[in-house]
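*Asks:* please find the sequence and the predicted model below.
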Number of protein chains: 2
Amino acid sequence: MKAAINRDPVIKPVRPVPGDTLGIVAPASPFDRNKFQAGVQVLEDMGFQVVWAKDIFEKKGYLAGSDVHRARAFHAMFADPEIKGVICARGGYGALRILPLIDFDGVAADPKLLIGCSDITVLLNSLVYTCHLPTLHGPMIESLASASMATKQAFSLMLSSPTPPALTAATPRVIRPGKAAGTLVGGNLTTLCHLAGTRFAPDFSGCIVLLEDVGEQPYRLDRMLTQMKMGGGFDQAAGLVLGSFKNCGTLDAVHAIFTDIFAGSPFPVMAGFDVGHDDPNVSVPLGIRADLDTEQGLLEFTESLFC
Amino acid sequence: MKAAINRDPVIKPVRPVPGDTLGIVAPASPFDRNKFQAGVQVLEDMGFQVVWAKDIFEKKGYLAGSDVHRARAFHAMFADPEIKGVICARGGYGALRILPLIDFDGVAADPKLLIGCSDITVLLNSLVYTCHLPTLHGPMIESLASASMATKQAFSLMLSSPTPPALTAATPRVIRPGKAAGTLVGGNLTTLCHLAGTRFAPDFSGCIVLLEDVGEQPYRLDRMLTQMKMGGGFDQAAGLVLGSFKNCGTLDAVHAIFTDIFAGSPFPVMAGFDVGHDDPNVSVPLGIRADLDTEQGLLEFTESLFC
């Protein structure tokens, strides 16, 4: 019942370069209009044209419009030949609801870079697992509005580098030492956990798994990891890299949970990467092969993100 | 990967009667000692002898001691021939962690009534699914300390009635009308959701599923139900009965989520039962056949809880 990584063949998205058009979608929750405009400005300052559907501002409680509306908008962006990359307005909640509606064959037919994080994690990984299409765990429109220079520069650098720039642990903490090689997948722990038992649940075999979260108490982190481990999700994982755990209790408490739960696991676990809900939120590609070295606190990508 | 209800044979626990000894276990989080004493007093006032292991007060962060400690204490109570029923001190979090350590054959060999709710939901249902042993979704020691007379009387009545007393919706709200017959299972939605993808995930086929929760925002309820539905968990369910949803947003918001998610489901869904984290928390047996009639707002049990 788990989606397995199929590395052969892997399709790659086109690289969006300044002058190209990026399309904004809102597959999850509605967002603040002022922050949206400010985020658009950031992309325009980077030299991109930016477009969005007129009805992107729809709101249905905690969702940015109905499931059909959000899925249709997602498909429209991927089908438009003028669009060279697709970035999400905001996470929140809602991407899970549209997974069964996504036309993965259609997305794979016109491979574009999908950019987002948080709730968008389920879409990022589903494109990696189902389309074999790498995606970008990176900023979203609403967060770009107030993002630090570091976040914005890392995003720019990711889009402009031939091979994705290596990621160095900003506050390195080795939980289990070692080296690992594998495809980087993952993102937000909570949303990954809510794929458990569905056909979209990622099989982490051979993968380096990125995990980050926000606002989840330590016992909740424990509960999610215990569940996913009990379900066999980490049995054949190659390694774990931990991003930020903002408002999840003390970092020591967070690290203690990973130390405890992965005590008997054979793979390296390294914390302290600037990825997730804190700032900086450094962009990292998912679905791309990487090497992890806990001694150096380094995650290096060994293939290109773009075609 | 789901545990299926096996109705044949079903073993039944002995009935604890006044004068009998109840044993207290703490399979999840540590608890308040004063409330514990007050809860013990409530059971003693009901005429029971009450015992607990000296080391029940162990504390390891948010856990009442190590996993091995908690599992061992659980086994010790079930193995003791003097003990006629086992009641939990508190939920919180931790029952999930000891599921793989539970000797279900040992529990089934000396069938006793396990009593608890909230985090204990995973134990209650695992005994139903794995041992075919009915359990009691009811009060715990810490909550008994401040429980209303209604909660205490419902608990007493459940233990003393030949067939379990019917449950009437206190604030009836028909979400999907109809009648259903099936084995009552379920309890706390969040903890049930954290079984997804594990071998303990309950298959609700032919079951009337009780769901309640506390402190989960509407979008989180949506996320859990969406996940469990996407995983096929409700495909063959017989019906849903909703208990309290305390601090989960307005009841209208909660009901709207169930209305939305189960719009295309063929089974009845009825809200407004006094079961869960609010008070009264009426005791209900799990693993026992029941009839649901939404027109009458009635859940009637059609077999005895005890042997």
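*Replies:* Alright, I've got the coordinates.
*Asks:* strands of chain A, residue ranges please.
*Replies:* A:21-25, A:49-52, A:83-88, A:113-116, A:135-137, A:167-168, A:173-176, A:179-188, A:207-214, A:239-246, A:269-271, A:284-286, A:289-293, A:298-301 (DSSP state E).
*Asks:* quick one: end-to-end distance for stretch A:184-193.
*Replies:* 17 Å (CA to CA, to the nearest Å).
*Asks:* distance between that stretch and the chain's centre?
*Replies:* 7 Å (CA atoms, centre = their mean, to the nearest Å).
*Asks:* how close does the residue sitting furthest away from the middle of chain A get to A:Asp235?
*Replies:* Most distant from the centre of chain A: A:Gly264, at 27.0 Å, with distances by CA atoms, centre = their mean. Distance, A:Gly264 to A:Asp235, using CB to CB, to the nearest Å: 11 Å. All C-beta spots, glycine's among them, are computed from the backbone N, C-alpha and C.
*Asks:* same question for A:Ala38.
*Replies:* 44 Å.
*Asks:* between those two, which is the more surrounded one?
*Replies:* Ranked by neighbour count (other CB atoms under 10 Å in any protein chain shown), A:Ala38 and A:Asp235 place A:Ala38 first, with 16 against 12.
*Asks:* quick check: chain neighbours aside, which residue is closest to that one?
*Replies:* A:Ala145 (3.6 Å; CB to CB, 6 or more residues apart in numbering or on different chains).
*Asks:* got the contact list for the residue positioned nearest the centre of chain A?
*Replies:* With distances taken as CA atoms, centre = their mean, A:His137 lies nearest the centre of chain A, 3.2 Å away. For A:His137, the contact set (CB atoms under 8 Å, 6 or more residues apart in numbering or on different chains) comprises A:116-117, A:121, A:124, A:187, A:210, A:275, A:283-286.
*Asks:* any low-confidence regions in chain A?
*Replies:* Scanning chain A with the threshold set as pLDDT under 70 gives A:1, A:6-9.
*Asks:* the same query, at a cut-off of 80, please.
*Replies:* Low-confidence segments of chain A, defined by pLDDT under 80: A:1-9.
*Asks:* who's A:Leu242 bridged to?
*Replies:* Beta-bridge partners for A:Leu242, by DSSP bridges, are A:Leu211, A:Ala271.
*Asks:* so who does A:Gly138 touch?
*Replies:* A:115-117, A:155, A:158, A:281, A:283-284.
*Asks:* ignoring the adjacent residues along the chain, who's closest to A:Gly116?
*Replies:* A:Cys88 (3.6 Å).
*Asks:* same question, A:Gly47
*Replies:* In this structure, A:Gly47 finds its nearest non-sequential neighbour in A:Pro18, 2.9 Å apart by CB to CB, 6+ apart.
*Asks:* then A:Phe48?
*Replies:* Closest to A:Phe48 by CB to CB, 6+ apart is A:Leu22, at 4.9 Å.
*Asks:* correct me, but that neighbour touches A:Trp52?
*Replies:* No. The pair A:Leu22 / A:Trp52 is not scored as a contact, 9.5 Å apart, by CB atoms under 8 Å.
*Asks:* thinking again about what came up before, and the residue nearest to A:Phe48, how far is that from chain B?
*Replies:* When distance is defined by CB to the nearest CB, to the nearest Å, A:Leu22 is 27 Å away from chain B.
*Asks:* do the same with A:Val25
*Replies:* From A:Val25 to chain B the distance is 19 Å (CB to the nearest CB).
*Asks:* which residues touch that residue?
*Replies:* A:52, A:56, A:70, A:73-74, A:77, A:86-89.
*Asks:* at 7 Å what do you get?
*Replies:* A:73-74, A:77, A:86, A:88-89 (CB atoms under 7 Å, 6 or more residues apart in numbering or on different chains).
*Asks:* PyMOL command to pick out the buried ones of the residues you listed?
*Replies:* A single PyMOL command selects the buried members of the contacts of A:Val25 (16 or more other CB atoms under 10 Å in any protein chain shown):
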select buried, chain A and resi 73+74+77+86+88+89
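*Asks:* now, among the contacts of A:Val25, which is nearest to B:Gly61?
*Replies:* A:Cys88 (35.9 Å; CB to CB).
*Asks:* which ones are touching that closest one?
*Replies:* A:25-27, A:115-116, A:120, A:140.
*Asks:* how about the residue in the stretch 201-307 of chain A positioned nearest to chain B: what's its closest non-neighbour residue?
*Replies:* Per CB to the nearest CB, A:Gly231 is where the stretch 201-307 of chain A lies closest to chain B, at 3.5 Å. The shortest distance from A:Gly231 to any non-neighbouring residue, by CB to CB, 6+ apart, is to B:Gly197 (3.5 Å).
*Asks:* rewinding a little: out of the contacts of A:Gly138, who's nearest B:Val107?
*Replies:* For the contacts of A:Gly138, the nearest to B:Val107 is A:Cys117 (43.6 Å; CB to CB).
*Asks:* look up phi and psi at A:Thr171.
*Replies:* phi -130, psi 70 (degrees, to the nearest 10).
*Asks:* for it, the count of nearby residues, please.
*Replies:* Around A:Thr171 there are 11 residues (other CB under 10 Å).
*Asks:* get me the contact residues on chain A for chain B.
*Replies:* Chain A has residues A:1, A:62, A:93, A:96-97, A:100, A:194, A:196-198, A:201, A:218-219, A:222-223, A:226-227, A:230-231 near chain B, with proximity defined as CB under 7 Å from any CB of the partner chain.
*Asks:* among the residues you listed, name the buried ones.
*Replies:* Looks like the residues of chain A next to chain B have A:1, A:62, A:93, A:96-97, A:194, A:196-198, A:201, A:218-219, A:222-223, A:226-227, A:230-231 buried, using 16+ other CB under 10 Å.
*Asks:* among A:Leu22 and A:Trp52, which residue is more densely surrounded?
*Replies:* Set A:Leu22 next to A:Trp52 and count neighbours by other CB under 10 Å: A:Leu22 wins out with 25 against 19.
*Asks:* which residues in chain A form helices?
*Replies:* A:33-45, A:67-79, A:95-98, A:104-109, A:121-126, A:141-144, A:149-160, A:189-193, A:218-230, A:251-261 (DSSP state H).
*Asks:* could you check how far the closest residue to A:Leu144 other than its chain neighbours is from A:Ser143?
*Replies:* Leaving aside its sequence neighbours, A:Leu144 sits nearest to A:Gly39 (CB to CB, 6+ apart; 4.0 Å). Using CB to CB, A:Gly39 is found at 7 Å from A:Ser143.
*Asks:* returning to that earlier point: the residue nearest to A:Gly231 contacts A:Thr198, correct?
*Replies:* No. With contact defined as CB atoms under 7 Å, B:Gly197 does not count as touching A:Thr198 (8.4 Å).
*Asks:* can you get me a residue count around the closest residue to A:Thr130 other than its chain neighbours?
*Replies:* Counting by CB to CB, 6+ apart, the nearest residue to A:Thr130 once its immediate chain neighbours are dropped is A:Phe104, at 4.5 Å. The tally of other residues near A:Phe104 (other CB under 10 Å) stands at 15.
*Asks:* same question, A:Ala53
*Replies:* Around A:Ala53 there are 16 residues (other CB under 10 Å).
*Asks:* doesn't A:Ala73 make contact with it?
*Replies:* Yes. Applying CB under 7 Å as the test, A:Ala53 and A:Ala73 come out as touching, 5.3 Å apart.
*Asks:* returning to that earlier point: how far away is the residue nearest to A:Gly231 from A:Ala4?
*Replies:* For B:Gly197 relative to A:Ala4 (CB to CB), the value is 14 Å.
*Asks:* how about A:Gly297, what does it touch?
*Replies:* By CB under 7 Å, 6+ apart, the neighbours of A:Gly297 are A:168-169, A:172, A:270, A:272.
*Asks:* one more time with 10 Å
*Replies:* A:167-174, A:241, A:270-273 (CB atoms under 10 Å, 6 or more residues apart in numbering or on different chains).
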